[in-house]
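One predicted model, sequence on top.
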Amino acid sequence: MKIYDELKARGLIAQVTDEEKVSELVNAGEAKFYIGFDCTADSLTAGHFMALTLMKRLQLAGNKPVALIGGGTTMIGDPSGRTDMRKMLTREDIDHNAECFKKQMERFIEFGEGKAEMVNNADWLLSLNYVDLLREVGACFSVNNMLRAECYKQRMEKGLSFLEFNYMIMQSYDFYHLFRTEGVNLQFGGDDQWSNMLGGTELIRRKLGEDAHAMTITLLTDSQGKKMGKTAGNAVWLDPNKTSPFEFFQYWRNVGDADVMKCIRMLTFIPIEEIDGIAKWDDSRINEKKELLAFELTKLVHGEEEANKALEASHALFAGGGDDSNMPTTELDVPEEGMNVIDLMLACSLAASKGEARRLIQQGGVAVNGKKVEDFGLVIEKAAFIDGVKIRKGKKIFHKAVIK
């Protein structure tokens with residue numbers, strides 16, 4: 001099976017400017033393509049995961065990836081899919097985040113001479129003269145068309161700032177610059193970036209009289225249509241210091257039954273023929289499918305050793321007791337009089353506020369050392385923390401607290 005057919009079979013392709021031309025390019029290994037990553041945090045997330053695996057798939061098929069770090073576009077902020085304006089970051093924060101991204105990307109993509117490249121759009125965007133930019137590309141954009149773009153719709157409800165309005169022009173300029181200076185002929189991105197990507201192909205056509213192409217990746221959503229990659233309102237990070245390998249494993253282990261096969265197809269490197277066989281497994285093997293998904297993705301991000309540790313810890317915990325050495329752990333300064341259970345949950349980031357902790361306890365969703373907590377005033381003695389206090393939130397989130 002050729003790579004483009006495999007992408008279709010995995011359900012990864014959403015929209016494409018010219019399917020015949022794009023399929024020819026990638027199947028022949030002649031695509032020099034880029035995907036942009038804005039540096040809004042110091043770690044990539046599960047939301048970036050599909051883009052990284054796509055780059056890996058295409059590189060293995062002989063194509064050349066260009067990872068674009070958005071040091072310049074992050075100064076503006078992408079309005080796509082947002083109802084509020086993004087937090088303005090300092091140049092220092094953006095540079096720091098860019099360095100973190102580079103280290104994580106190297107786990108997925110092979111960089112080097114004749115291989116993948118990494119560029120930062122701060123190198124060309126931040127030196128642009130505003131009036132020159134207006135004269136060079138401003139006439140190529142219709143304000144009417146821009147206002148109809150999907151990427152601005154949610155922000156229009158609360159008020160789209162002129163700063164954010166420029167994001168499409170900046171992203172389009174990236175493609176124009178890379179096409180002209182690096183020979184990049186294809187851009188990939190999430191399906192919510194379609195309008196921005198078409199802006200780039202149109203700018204290239206109008207300024208250079210040549211064709212460039214774009215393809216969007218299907219957004220990873222659950223069976224209710226919600227974006228996947230968050231747990232309890234927080235992002236699932238690829239940095240093990242922000243989301244431990246065990247927590248990362250557990251996130252994928254706990255996806256909904258209806259979403260397992262879609263995730264296996266879109267995110268893993270298991271051959272399509274083998275996936276077709278897994279899809280025929282009896283419903284009684286649903287947990288086996290979930291473990292397979294969690295193991296494969298944890299192995300990709302954190303390595304096989306960490307994936308095995310997470311799998312063993314998961315088996316031990318759900319079997320009751322067992323090895324908890326790989327469970328997420330927080331070291332605490334425990335007072336002599338012990339620690340109240342609500343304060344303990346806050347200290348372990350298992351609740352965002354005391355009110356949330358109380359609600360969880362009231363709903364019967366908290367257990368300490370295997371016993372359901374029913375009293376808000378429960379105090380855990382200091383001595384208990386020597387061997388570790390094990391907290392369970394809901395049915396599937398486990399955490400351990402020990403004395404610092």
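Thanks, I have the structure now. Quick caveat, the model's predicted, so the values are computed rather than measured.

Near Gln187, how many other residues are there?
When neighbours are counted by other CB atoms under 10 Å, Gln187 registers 29. Heads up, the C-betas are built off the backbone N, CA and C, glycines and all.

One more: Leu300?
Leu300: 20 surrounding residues under other CB under 10 Å.

ok, it to Glu288 distance?
Taking CB to CB, to the nearest Å as the measure, Leu300 and Glu288 are separated by 19 Å.

and if you look at Phe248?
Relative to Glu288, Phe248 is positioned 19 Å away (CB to CB).

Please identify which of the two sits among more neighbours.
Of the pair Phe248 and Glu288, Phe248 is the one with more neighbours under other CB under 10 Å, namely 26 against 13.

Was I right to think the more buried one contacts Lys299?
No. Counting by CB atoms under 8 Å, Phe248 does not reach Lys299; the two are 10.7 Å apart.

how about the helices of the stretch 251-400 of the chain, start to end?
260-267, 272-278, 286-302, 304-319, 341-347, 354-362, 384-387 (DSSP state H, counting those that start in this stretch).

Least confident of these, on average?
Within the helices of the stretch 251-400 of the chain, the least confident segment by mean pLDDT turns out to be helix 304-319, at a mean of 83.

what residues does that helix touch?
By CB atoms under 8 Å, 6 or more residues apart in numbering, the list of residues contacting helix 304-319 from outside reads 240, 245-246, 248-250, 253, 291, 294-296, 298-299, 302, 322-327, 398.

Give me the angle between it and helix 286-302.
Orientation note: helix 304-319 sits at an angle of 150 degrees relative to helix 286-302 (axes from the mean of the first three to the mean of the last three CA atoms, to 10 degrees).

Going by neighbour count, which residues of helix 304-319 are buried?
For helix 304-319, the neighbour count (16 or more other CB atoms under 10 Å) marks 306-307, 309-311, 313-314, 316-317 as buried.

Adding distance to Ala235, write the residues you listed out as JSON lines.
Written out in JSON lines, the entries for the buried residues of helix 304-319 read as follows (distance: CB to CB, whole Å):
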{"residue": "Glu306", "distance to Ala235": "19"}
{"residue": "Ala307", "distance to Ala235": "20"}
{"residue": "Lys309", "distance to Ala235": "22"}
{"residue": "Ala310", "distance to Ala235": "19"}
{"residue": "Leu311", "distance to Ala235": "23"}
{"residue": "Ala313", "distance to Ala235": "22"}
{"residue": "Ser314", "distance to Ala235": "21"}
{"residue": "Ala316", "distance to Ala235": "27"}
{"residue": "Leu317", "distance to Ala235": "23"}
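
Mind listing what's buried along stretch 201-212?
Under 16+ other CB under 10 Å, the buried positions of stretch 201-212 are 201-204, 212.
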